[in-house]
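Starting from these lines, generate the structure:
(2 chains)
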Amino acid sequence: MRETRTSMGMPITIELVDSHADQATIDAVFDYLSEVDLRFSTYKEESEISGINRGEVTEDAYSTEMKEVFALAEAVRADTGGYFDIRRPDGAIDPSGVVKGWALKRAASLLVERGHTNFMLDGAGDIATKGKNGDGEEWVLGIRNPFAHEEIVKVVQPHGKGIATSGSAVRGAHIYDPHLPERLLEEVVSVTVVAEDVLVADLYATAAFAMGRAGIDFLNEYPGLEGYAIDKDGIAVMTSGFLEYIV
Amino acid sequence: MNKLILAVVVLLGSVGYAFASRSGTTATVPQDTPVAMATQTSSVATPLPTVASAQTATAVPAAPQTSSSPTPVSTGQYKDGTYTGSVADAYYGNIQVAAVISGGKLAKVNVLQSPSDRQQSVQINQRALPVLISEAIAAQSAHVSGVSGASDTSPAFNESLGVALASAHA
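Residues are numbered from 1 along each chain as shown, chains lettered A, B, ... in the order given. Prediction:
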């Protein structure tokens, strides 16, 4: 069963391969993602994060989920020398860089809890896979051509690992360099990371992208992270460990 | 007791000196670990093998200088064996390394020569020296279940395009 819906402002695709897959499960996952959106969307006035940004919520009143997401963000901020930072230059907090991967990882856990061992969860390019695809084979994914969105430039088999891509599909990137907010991130246009799960992949793809050309070196040195970075001239640089995921 | 204190001070001092004199090289040799000698030891430069594969092959650059950023090499298989690099001037002395290829991949870098004043150089990188690989991107045609790409800044654009592409799947 395969279904795509918009949630959290992006297209989310769920593909369930196991024979006991049913609509109820798909609905449950999308319901969960809607809850997440209600809590974390900076576009929704009534969300918890909007309330926090207006100064209406004290820290001890933060929800468990909010605290968890903030804690994750802080851990990665420290780990990447500040290149991952959910605090915007204007002081507001935008946790969307954490929430996407975090929610997808939780959604994948939901599926596992319901006995699913073969599935794909694709949240606008952050992809979690488990087991085998509908043909009984390894899940095969593509890396989008940042210059031609209808093309793929790399074919990969993540072997159950999480994969995520960060980048500036359009000028005026939504990701900035927290150390120098005025610097337009132009040198590198796309960074794809393969990591233990989709959350880690998303977090470090974002951080590595913010680092510009140094991002791929950071990934190369970091155990458990593999990367594929594409620059503005269409030259890709990959970590040596990334080779094992290429088809 | 005084001798003990003196010994500790000297030890801490030499450890401190070791840290102070480090300059961020990624591959260095511990004092008491014997360095595996290359099968072809010579001070004459032996360049790393040319990539031998069906893919477009270009010459692999000579052994890396002492810099902390990895040298990009072209994709392709290497021939197993140990290959000695050139003797390079690292300003504070000479460095010569040998590349050990195993299973067609760079498995290890042995340091054959290192500047004498860097005896305190700390520890060898036991795992494979990380190497970056570069290539020009090229469109691929393959049936894939999903595509990982950067999210667009506009949620509406993304929504529209995403649903359209998802519908395009079989």
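
going forward, measure contacts and count neighbours with C-alpha atoms only.
Noted.

Which residues are in contact with the closest residue to chain A within chain B?
Going by C-alpha to the nearest C-alpha, chain A is nearest to residue B:148 of chain B, at 3.8 Å. By C-alpha atoms under 8 Å, 6 or more residues apart in numbering or on different chains, the contact list for residue B:148 reads A:124, A:125, A:126, A:127, A:141, A:142, A:143, A:144, A:163, A:164, A:165, A:192.

now do 10 Å
A:122-127, A:141-145, A:152, A:154, A:156, A:163-166, A:192-193 (C-alpha atoms under 10 Å, 6 or more residues apart in numbering or on different chains).

Please name the nearest non-neighbouring residue to it.
Once flanking residues are discounted, residue B:148 sits nearest to residue A:125: 3.8 Å by C-alpha to C-alpha, 6 or more residues apart in numbering or on different chains.

unless I'm mixing things up, the one you found is touching residue A:164, no?
Yes. Contact criterion C-alpha atoms under 10 Å: residue A:125 and residue A:164 qualify, at 6.1 Å.

So between the two, which is more surrounded?
Higher neighbour count among residue A:125 and residue A:164: residue A:164, with 33 against 28, using other C-alpha atoms under 10 Å in any protein chain shown.

Isn't that one up against residue A:121?
No. Using C-alpha under 10 Å, residue A:164 makes no contact with residue A:121, being 11.7 Å away.

overlap in contacts of those two?
Common neighbours of residue A:164 and residue A:121 (C-alpha under 10 Å, 6+ apart) are A:127, A:128, A:198.

Most neighbours of all these, which one?
Result: residue A:127 is most packed of these (other C-alpha under 10 Å), 32 neighbours.

just checking, which of the shared contacts of residue A:164 and residue A:121 belong to strands?
Among these, DSSP state E puts A:127, A:128 in strands.

now, which of the shared contacts of residue A:164 and residue A:121 lie close to chain B?
When contact is defined as C-alpha under 10 Å from any C-alpha of the partner chain, these meet chain B at residue A:127.

of the shared contacts of residue A:164 and residue A:121, closest to chain B?
Of those, the one sitting nearest to chain B (C-alpha to the nearest C-alpha) turns out to be residue A:127, at 7.0 Å.

what pairs with that closest one across the strands?
In this structure, residue A:127 bridges to residue A:122, residue A:163 when assessed by DSSP bridges.

list the contacts for it?
If a contact means C-alpha under 10 Å, 6+ apart, then residue A:127 has A:12-14, A:101, A:104-105, A:120-121, A:141, A:158, A:160-165, A:194, A:197-199, A:201-202, B:146-148 as its contacts.

returning to that earlier point: and the residue nearest to residue B:148, backbone torsions?
phi 100, psi -10 (degrees, to the nearest 10).

gap between it and residue A:22?
In this view, residue A:125 and residue A:22 are 24 Å apart by C-alpha to C-alpha, to the nearest Å.

same thing with residue A:42?
From residue A:42 to residue A:22 the distance is 32 Å (C-alpha to C-alpha).

out of these two, which sits in the busier spot?
Neighbour comparison, residue A:42 and residue A:22: the larger count goes to residue A:42, with 20 against 11 (by other C-alpha under 10 Å).
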